[in-house]
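**Student:** Would you be able to build a 3D model of this:
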Amino acid sequence: MKNFIFTLTLTLSISAASLAGPILNSYPAATSTIYLDFDGQTVAGTYWNNGSTLVCAASGLTDAQITEIFNRVSEDYRPFNVNITTDESVYNAASLNHRIRVIVTPTSSWKTGVGGIAYVGSFTWGDDTPCFVFSDRLGPNNPKYIGECCSHESGHTLGLSHQSTYDNNCQLTESYATGVGTGETSWAPIMGNSYYRNMTGWDFGPTPYGCSVVQDNLTIITSQNGFSYRTDDYADVLGATAYNLGNTSFSTAGILTTTNDKDAFKFTVAQAGAWHFDAVPYSLNVSNSGADLDIKLELYNSNNVLIKSYDPLNTMKISVDTTLAAGAYYLLLSGTGNLNVDDYGSLGSYTITGLRGTLPIHDVALSGNITSNKHNLLWNIIADEPIRSQTIEYSTNGADFRPLIDVAATQNRYSYATVMSGTIYYRIKVTSVIDQTAYSNIIALTSEVTAEKTFFVSTLVNSAISVNAGDDYQFKLTDANGRTLLIGKGVKGMNRINVLNQPGGMYILQILSPSQRITERIIKQ
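**Tutor:** Next comes the predicted model:
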């Protein structure tokens, strides 16, 4: 509880560059506001900086960077009745105890050792106490890092503490939980350290105050700040209340706002034939960067009998090709968990699309062979539209597939030396320029590992570095100047290190295992 009252004077510093910044609002109808302030600010009369005036420089970010940051923060807060804005007039119009200003600035020397700072609970104080995000320490000027920090610091103002990690003996191992996993479904809590994971979200987990001191993010946000969840947009159950999509191809958007929220849709098949469905969370690109929602899709017949449930563990979206008889059907969408996280914070916006007929990608035919323990893959694509991206996926059981490596859109072959013994299954995931996805047939290649080298690393990459590991390992990724960008751990088998948000250029990957230490030069295209 706040036990002091003070008056805050804010003087706006305006530059010609700031006037050209994008004016963005995530939910204009909301009465509560989180204002992302990028254009410089003079702050006086606060307890910040020991009461001395702070002259905060403008962020220096481009319109594209500001827009990405806004989109990331907006999706984090999408389930709630709160507006994320870059418009100061919207902030000024909001009630004093229903708003917070997040100052994004490189003026950071007054508070060392942190990427941002906030007073816990200050959203409702009613005296315009701001919080800060220091753009010079986040990358610098990395939109992913700044966006995560904006959500994190504004989360503090809403009453949230940090999320932490403990071992099985209840010993604190991370004050700021860094999350788990690699690739698209890698996850970290917003109130931990979420800079290096693709999927982030609100959490129900321990704090630095003890392994049994558990924090329920969603309840705190929606019960202590004068706003709750958005109004539900679609009925939760099948039947007469389900939203009718008609009997032709369709596309509609929605938001899953609570852990119990489900969105029900009805559609009619007039004539038996092929259908394609996509349920895609809001994201910044095809790798679902910036998405908080992992989608589960269920298909029912007119009698409410489940035909099939679609819930892949290695991707956040759903892509379905099926043949349906004439009649009425239902689609039921909900948030779900994956290999790295449960469904507690799997919330956010999505688009669901249904297309009658076959995909523009008609066929993806995969074949392969083995030479000297190298697995050689070759494939051919027949499509009406250009291909935008391709991912080679693998499985050790023929059912649960994980990404192996992303390859260029024009590539049709790939070879690598595996460090895994036994049978490995492969398939190719292909996405066209109009965002439709198809999979190849599955092939199986068997080998026994005899090679001395136990680590194989993809050195020419687009969005992720693939590490084929013969043992558990630790890694460090640095840029060409030796600055550390990522530190983490990997396990025996295939691993992916996400570099989607890093600029093109050369990087150095150092790998340390109990038996080997290697260094690889990585080129990101």
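**Student:** contacting residues for Gly273?
**Tutor:** 323-324, 356-357 (C-beta atoms under 8 Å, 6 or more residues apart in numbering). From N, CA and C alone the C-beta is placed, and that goes for glycine too.
**Student:** Restricted to strands, list those residues.
**Tutor:** When the contacts of Gly273 are checked against strands (DSSP state E), the matches are 323-324, 356.
**Student:** Can you say which of those are buried?
**Tutor:** Burial by neighbour count, judged by 16 or more other C-beta atoms under 10 Å, picks out 324, 356 from these.
**Student:** and which of the ones in strands among the contacts of Gly273 is nearest Trp48?
**Tutor:** Distance to Trp48 across the ones in strands among the contacts of Gly273 (C-beta to C-beta) is lowest for Arg356, with 58.7 Å.
**Student:** Find me whatever residue is spatially closest to the closest one, sequence neighbours aside.
**Tutor:** Using C-beta to C-beta, 6 or more residues apart in numbering and skipping the chain neighbours, the partner closest in space to Arg356 is Ser249 (5.4 Å).
**Student:** number of nearby residues for the one you found?
**Tutor:** 14 (other C-beta atoms under 10 Å).
**Student:** so it touches Phe277, yeah?
**Tutor:** No - taking C-beta atoms under 8 Å as the definition, Ser249 is not a contact partner of Phe277, at 10.5 Å.
**Student:** can you list residues touching both of those two?
**Tutor:** Joint contacts of Ser249 and Phe277 (C-beta under 8 Å, 6+ apart) are 353-355.
**Student:** By neighbours, which of those wins?
**Tutor:** Gly354 (22 neighbours).
**Student:** and that one, how far is that from Gln271?
**Tutor:** Separation of Gly354 from Gln271 (C-beta to C-beta, to the nearest Å): 15 Å.
**Student:** that older thread, between the ones in strands among the contacts of Gly273, which sits nearest Thr129?
**Tutor:** Arg356 (55.0 Å).
**Student:** any idea how far the closest one is from Asn193?
**Tutor:** 46 Å.
**Student:** rewinding a little: which phi and psi does the residue nearest to Arg356 have?
**Tutor:** phi -60, psi 150 (degrees, to the nearest 10).
**Student:** I'd like the numbering to begin with 534 instead of 1 from here.
**Tutor:** Sure, I'll start counting at 534 from here, so that last one is Ser782.
**Student:** for it, what are its contacts?
**Tutor:** Applying C-beta under 8 Å, 6+ apart, the residues contacting Ser782 are 886-889.
**Student:** Reformat those residues as a markdown table; add distance to Phe667 and pLDDT.
**Tutor:** What follows is these, written out as a markdown table (distance: C-beta to C-beta, whole Å; pLDDT from 0 to 100):
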| residue | distance to Phe667 | pLDDT |
| --- | --- | --- |
| Thr886 | 40 | 91 |
| Gly887 | 45 | 92 |
| Leu888 | 46 | 84 |
| Arg889 | 51 | 82 |
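**Student:** Return the member of these nearest to Thr645.
**Tutor:** Thr886 (48.8 Å).
**Student:** May I have the one helix or strand that closest one maps to as CSV, with CA atoms only?
**Tutor:** Per DSSP states H and E, Thr886 falls inside strand 881-889. This file holds the C-alpha atoms of strand 881-889, laid out as CSV (Å, rounded to 0.1, in the frame of the first residue of the first chain):
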residue,chain,number,x,y,z
GLY,A,881,-4.8,-13.2,-26.8
SER,A,882,-6.1,-12.5,-30.3
TYR,A,883,-6.3,-14.7,-33.3
THR,A,884,-7.7,-15.1,-36.9
ILE,A,885,-9.6,-18.2,-38.0
THR,A,886,-9.9,-18.8,-41.8
GLY,A,887,-11.8,-21.5,-43.7
LEU,A,888,-11.3,-22.1,-47.4
ARG,A,889,-13.3,-24.5,-49.6
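**Student:** who does it pair up with?
**Tutor:** For strand 881-889, the pairing partners within the sheet under DSSP bridges are strand 783-789 (antiparallel), strand 806-814 (antiparallel).
**Student:** Next one: Tyr959 from Val623, what distance?
**Tutor:** Distance from Tyr959 to Val623, by C-beta to C-beta: 51 Å.
**Student:** actually Leu846, not the one I wrote
**Tutor:** 40 Å.
**Student:** buried residues in stretch 627-645?
**Tutor:** So, applying 16+ other C-beta under 10 Å, buried residues of stretch 627-645: 627, 631-641.
**Student:** For the chain, give me the ranges with low pLDDT.
**Tutor:** 534-553, 891-892, 932, 981-986 (pLDDT under 70).
**Student:** Would you mind giving the domain segments of it?
**Tutor:** What automatic domain parsing lists as the domains of the chain is 534-764, 778-882, 892-984, 988-1058.
**Student:** For Thr638, which non-adjacent residue is closest in space?
**Tutor:** Cys589 (4.0 Å).
**Student:** and Cys683, that one's in a helix?
**Tutor:** Yes - per DSSP: H, G, I helix; E, B strand; the rest coil, Cys683 lies within a helix segment.
**Student:** Okay, and the nearest residue to it once chain neighbours are set aside sits in which element?
**Tutor:** Excluding the flanking residues, the one nearest Cys683 by C-beta to C-beta, 6+ apart is Val606, at 4.9 Å. Here Val606 sits within helix 596-609, counting by DSSP H and E.
**Student:** Please verify my assumption that Asn726 contacts Thr698.
**Tutor:** No - assessed by C-beta under 8 Å, Asn726 is found out of contact with Thr698, at 10.0 Å.
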